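# Would you be able to build a 3D model of this:
(2 chains)
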2 protein chains.
Amino acid sequence: MDFARRAWDHSFPMDPIVRTLLDTDFYKFLMGQMIWKRHLDVEAGFALSNRTKTVRLAELIDPGELREQLDHVRSLTFRANELVWLRGQTFYGQEGMFTPDYIEFLRTLRLPDYSLGADPETGQIVFETHGRWAETTFWEIYVLSVVNELRNRAVLKTMGRSQLDILFARAKVKLYAKLERLAELEDLNLTEFGTRRRHSFLWQEHCVLTAQEVLGSAFTGTSNAYLAMKHGLEARGTNAHELPMALAALCPDDDEGCLRASQYRVLEQWQESYHGGLLVFLSDTFGTTQFLRDAPDWVAGWTGARPDSKPPIDAGEELIAFWQARGADPTEKLIIFSDGMDVSIPGFRANGSDIVDVHRHFHDRVRVGIGWGTMLTNDFIGCHPADADALKPISLVCKLVSANSRPAVKLSDNASKATGPAAEIERYRRVFGSEGVTRSETRV
Amino acid sequence: MDFARRAWDHSFPMDPIVRTLLDTDFYKFLMGQMIWKRHLDVEAGFALSNRTKTVRLAELIDPGELREQLDHVRSLTFRANELVWLRGQTFYGQEGMFTPDYIEFLRTLRLPDYSLGADPETGQIVFETHGRWAETTFWEIYVLSVVNELRNRAVLKTMGRSQLDILFARAKVKLYAKLERLAELEDLNLTEFGTRRRHSFLWQEHCVLTAQEVLGSAFTGTSNAYLAMKHGLEARGTNAHELPMALAALCPDDDEGCLRASQYRVLEQWQESYHGGLLVFLSDTFGTTQFLRDAPDWVAGWTGARPDSKPPIDAGEELIAFWQARGADPTEKLIIFSDGMDVSIPGFRANGSDIVDVHRHFHDRVRVGIGWGTMLTNDFIGCHPADADALKPISLVCKLVSANSRPAVKLSDNASKATGPAAEIERYRRVFGSEGVTRSETRV
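This next block holds a predicted model:
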């Protein structure tokens, strides 16, 4: 009996989910700096949305505990060593990624207020935050990891001791089997992207360390800034839909040209901010097909792309055709596949697109990068001894809903991932069209 | 990381102090059976009292947590295997200690209601319970171990991780040093008596198992019924002041003969209940000197005595003189010393009477038994790195205050241990006298 450990463990009034503000996706800092420098006057609202309607989160999660966890996040500030680490981030050891004034902004950052409720009809949690975009943007990852972990804890609390024992044993076995299968791939370049929907912080850490052990140099880093700092890994990240969504929302209602151009204006601002580093575009905010068709030629000069809502093989082929049409060599381009990736193993079909298939399909034709999220850090499917789907991941997002009080819209390549008021979605569809857009269930 | 263990540990809404109703002193069952058989109609009140006035318990302990722990005790019932164990208790493998009808009573026992408050002036917790004596009697040990442990937890919560580490390391070192010193004694017969004032259940268990390892056969058991069952030790116990106190309280006000006789009437009932086994008398309820002086000769035929409030060497000498005067051979008699016993070790004077001194003084003259309580299971004096006395044990008792609504009194050999209303104490003193009574600080 380790009495000191037990007494210490019991000395905490709560078990915090977010341990530090650095426990977030690295891309929040990359986007955050651009927002802070170029859009400091923009007010932005974010809202939680659970696309897995069958899991009635507000009935599973205690509202008092949820508030306690979110308030804990609001009590946090960046630690000195974390700011030092951020300041030390460079492009290939040369230029700093973050400027001193942005680091100073982070030094005093506290998360803004939020409103919390429950919709009794849908059984879903209602979370919203409104305020300075440069601040509200940070809520995304914290609220997602908090709500996901509270949901998982609620399930774990119903389980007996040997059920828990077999649950984690099976999850470890699954994880290891997947990683062993991936270890066979040639030139694998895999990054952990699973902070937002992880089972828990400690489990994510276990997954990251196991991946590093099994995959060696094929495991190229993590999107989690805190884990990157703690374990000396490379912090990796790109950018997200909130950027083009906000820029589009800020366009006057009658200015279709502004709307169409917003998706490229974001990229202009990005490449000005990061001077040629980190040039991976996200193409699907208002539909990939129209994005590529109308893209200025300089877009084809970017390093690569991150498709996020088309079946990955279709998306990759479309990108390759785009680069070829624009006279670029696809074998020099990077595609980061990060939308619902998984690995099938004996006994378990992939819950998403199989990384092995995608990698084999594109290997030698483009530089393939895999951003492996939910099904790396939260695969407990079939692990609960009594209910295989008890801990099946849910498709929870925290999306930009407004910019300067104007509604924000995402169309996506998958119509079921569209967000925004119906009338606005219609208006955007009139402008951007629906070419290449399909509809399929979102898994994770 | 043992994820299953962590999830399991976090699945409890509270950390219960009393884990089962069997987690009590064995003497509660011995006394309880006699009360149930002979005094089922008696209503008895018990109240908590902290003789260490400097420790303001109500200001240290959260009243919500206290109520939660006490209500948890009320939710417990004896488990089937515990009743089987009780039923299997015998006198030397022959006759059963507990009759089937008393076991049946225990099967449905739930602890009676209680009232809880705080005295803002003294800063002390006010706990009282009133009801059928056969039921209220059980509250004594549970409320003592709950309040003691909550006080300890309150202190632990203020400590840092390395402070806790050194605290428990030092306490283990102290415990071991004491046991090693005791291991040198010839014919030691030592029983653990520390449930009521233990640091915690787990620490008591650690002390018991360590004592067994270091002392071997000289460690003759524990008063804790649950630990005895769990670890295959002998459960040991005698009887307490509540028996003569209640019988005395039930005497009519004007019947001094009844009052004086009550202390012997208890013993008659006890020896009828236990047929010659367990014949160890407690002599100090109304003063040992008058008790021995006026005792019928058959009292000298009992196996032994348990002095509880005189300095042990004085008490032992008085008992030896008593037996000699009554023609009994003291070397055949057992004296169980259990009042404030401790062991001095280099760097630490005993916080109480030194077992080594007492044992050496009486060894070969009587059969010496040691009932080691508080300073075995709760010695953290000098272990806290910043405040040597932060966890110094307090003298907390839960005493009988009334029987059938008549006030109960204890005089004791130490006037500072007297309990009851002042006027009643005076009346009892007129009847019993004050011969041999002194006054000294009560430590534990």
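
# Now do the strands in the stretch 51-200 of chain A.
In the stretch 51-200 of chain A, the segments counted as strands under DSSP state E, counting those that start in this stretch are A:115-119, A:124-132, A:190-192.

# Quick one: mean pLDDT for the longest one?
When the per-residue pLDDT values of strand A:124-132 are averaged, the result is 98.

# For that strand, enumerate the helices and strands it packs against.
strand A:43-50, helix A:57-60, strand A:115-119, helix A:139-156, strand A:396-403 (3 or more C-beta pairs under 8 Å, 6 or more residues apart in numbering or on different chains; DSSP states H and E). In short, each C-beta sits where N, CA and C put it, glycine included.

# buried ones in that strand?
A:Q124, A:I125, A:F127, A:E128, A:T129, A:H130, A:G131, A:R132 (16 or more other C-beta atoms under 10 Å in any protein chain shown).

# which residue packs closest to the fourth one, ignoring adjacent ones?
Excluding its sequence neighbours, the residue lying closest to A:E128 (C-beta to C-beta, 6 or more residues apart in numbering or on different chains) is A:A47, at 4.7 Å.

# now the helices: where do they sit in the stretch 251-400 of chain A?
Under the criterion DSSP state H, counting those that start in this stretch, the stretch 251-400 of chain A contains helices at A:256-274, A:288-294, A:312-325, A:355-362, A:374-377.

# Which residues does the longest one contact?
Outside helix A:256-274, the residues within contact range by C-beta atoms under 8 Å, 6 or more residues apart in numbering or on different chains are A:30, A:33-34, A:37-38, A:91, A:97, A:239, A:243-244, A:247-248, A:250-252, A:278-279, A:281, A:285-286, A:291, A:294-296, A:299, A:302, A:428, A:431-432.

# Which one, of the helices and strands packed on strand A:124-132, ends up nearest to B:H231?
helix A:139-156 (31.2 Å; C-beta to C-beta).

# So for that closest one, what gets flagged as buried?
Quick answer for helix A:139-156 (16+ other C-beta under 10 Å): A:139-153, A:155-156.

# Check stretch A:205-215 too.
In stretch A:205-215, counting by 16+ other C-beta under 10 Å, buried: A:E205, A:H206, A:C207, A:V208, A:T210, A:A211, A:Q212, A:V214, A:L215.

# Going by distance to chain B, which of these wins?
A:H206 (6.2 Å; C-beta to the nearest C-beta).

# Show the contacting residues for the closest residue to A:L66 other than its chain neighbours.
In this structure, A:L66 finds its nearest non-sequential neighbour in A:L150, 6.0 Å apart by C-beta to C-beta, 6+ apart. Taking C-beta under 8 Å, 6+ apart, we find A:L150 in contact with A:I17, A:L60, A:I61, A:D62, A:E65, A:L66, A:Q69.

# The residues you listed in helices, which ones?
A:L60, A:E65, A:L66, A:Q69 (DSSP state H).

# Touching, the first one and A:R151? I think so.
Yes: using C-beta atoms under 8 Å, A:L60 makes contact with A:R151 at a distance of 5.7 Å.

# burial of A:Y92, as a residue count?
Neighbour count of A:Y92, defined by other C-beta atoms under 10 Å in any protein chain shown: 6.

# where in chain A is pLDDT low?
Low-confidence segments of chain A, defined by pLDDT under 70: A:444.

# What are the buried residues along the lengthiest helix in it?
The longest helix of chain A (DSSP H) is helix A:161-183. Going by neighbour count (16+ other C-beta under 10 Å), the buried part of helix A:161-183 is A:163-165, A:167-168, A:170-172, A:174-175, A:177-179, A:181-182.

# filter those by proximity to chain B?
Contacts with chain B within the buried residues of helix A:161-183, as defined by C-beta under 8 Å from any C-beta of the partner chain: A:L164, A:D165, A:L167, A:F168.

# In contact with the first one, which residues?
Spelled out, that is A:L164. Residues in contact with A:L164 (C-beta under 8 Å, 6+ apart) are A:L156, B:F3, B:A4, B:A7, B:W8, B:S11.

# where's the third one, which helix or strand?
I take that to be B:A4. For B:A4, the element it lies in under DSSP states H and E is helix B:3-9.

# which helices and strands does that helix pack with?
helix A:161-183, helix A:201-215.

# One more pass at 7 Å, please.
helix A:161-183 (3 or more C-beta pairs under 7 Å, 6 or more residues apart in numbering or on different chains; DSSP states H and E).

# What separation is there between A:R306 and A:L215?
Distance of A:R306 to A:L215, computed by C-beta to C-beta, to the nearest Å: 20 Å.

# which parts of chain A sit against chain B?
A:1, A:3-4, A:7-8, A:10-11, A:15, A:156-157, A:161, A:164-165, A:167-168, A:202-203, A:206 (C-beta under 7 Å from any C-beta of the partner chain).

# switch the cut-off to 6 Å
Applying C-beta under 6 Å from any C-beta of the partner chain, we find that chain A lies next to chain B at A:1, A:3-4, A:7-8, A:10-11, A:15, A:156-157, A:161, A:164-165, A:168, A:202.

# Now for the residue in the stretch 301-444 of chain A that chain B sits nearest to, how many residues are close by?
Nearest residue of the stretch 301-444 of chain A to chain B (C-beta to the nearest C-beta) works out as A:F380 at 10.7 Å. Using other C-beta under 10 Å, A:F380 is surrounded by 23 other residues.

# can you pull the contacts of it?
Under the criterion of C-beta atoms under 6 Å, 6 or more residues apart in numbering or on different chains, the contact list for A:F380 reads A:A171, A:L391.

# and the residue lying closest to A:K399 once chain neighbours are set aside, how many neighbours?
Closest residue in space to A:K399, ignoring its immediate chain neighbours: A:T419 at 5.0 Å, by C-beta to C-beta, 6+ apart. A:T419 has 21 neighbouring residues, counting by other C-beta under 10 Å.

# Pairing-wise in the sheet, spell out the partners of A:T419.
A:K410 (DSSP bridges).

# thinking it is in contact with A:L411, fair?
No: judged on C-beta atoms under 6 Å, A:T419 makes no contact with A:L411 at a distance of 8.8 Å.

# before we move on, back to that, look up how far chain B lies from the residue nearest to A:E128.
Distance from A:A47 to chain B, counting by C-beta to the nearest C-beta, to the nearest Å: 29 Å.

# One more: A:T77?
In terms of C-beta to the nearest C-beta, A:T77 sits 21 Å off from chain B.

# residue contacts, that residue?
A:T77 touches nothing, counting by C-beta under 6 Å, 6+ apart.

# Mind doing that once more with 7 Å?
Contact analysis of A:T77 by C-beta atoms under 7 Å, 6 or more residues apart in numbering or on different chains lists A:L21, A:L109, A:R110.

# quick one: which of the residues you listed is nearest B:A80?
Of those, the one sitting nearest to B:A80 (C-beta to C-beta) turns out to be A:L21, at 52.4 Å.

# got the contact list for the closest one?
When contacts are counted by C-beta under 7 Å, 6+ apart, A:L21 touches A:L76, A:T77, A:F78.

# I figured the last one hits A:L106, correct?
It stands for A:F78. Yes: with contact defined as C-beta atoms under 7 Å, A:F78 reaches A:L106; the gap is 5.3 Å.

# the more surrounded of those two?
Each of A:F78 and A:L106 has its neighbours counted (other C-beta under 10 Å); A:L106 has more, 21 against 18.

# Can you tell me the closest non-neighbouring residue to A:N148?
A:R197 (5.3 Å).

# whoops, A:L40 was the one
Nearest non-adjacent residue to A:L40, counting by C-beta to C-beta, 6+ apart: A:A134, 5.9 Å away.

# Make sure the one you found is actually in contact with A:M34.
No: counting by C-beta under 7 Å, A:A134 does not reach A:M34; the two are 9.5 Å apart.

# before we move on, back to that, any idea how far the residue nearest to A:N148 lies from A:I394?
For A:R197, the distance to A:I394 - C-beta to C-beta - is 8 Å.
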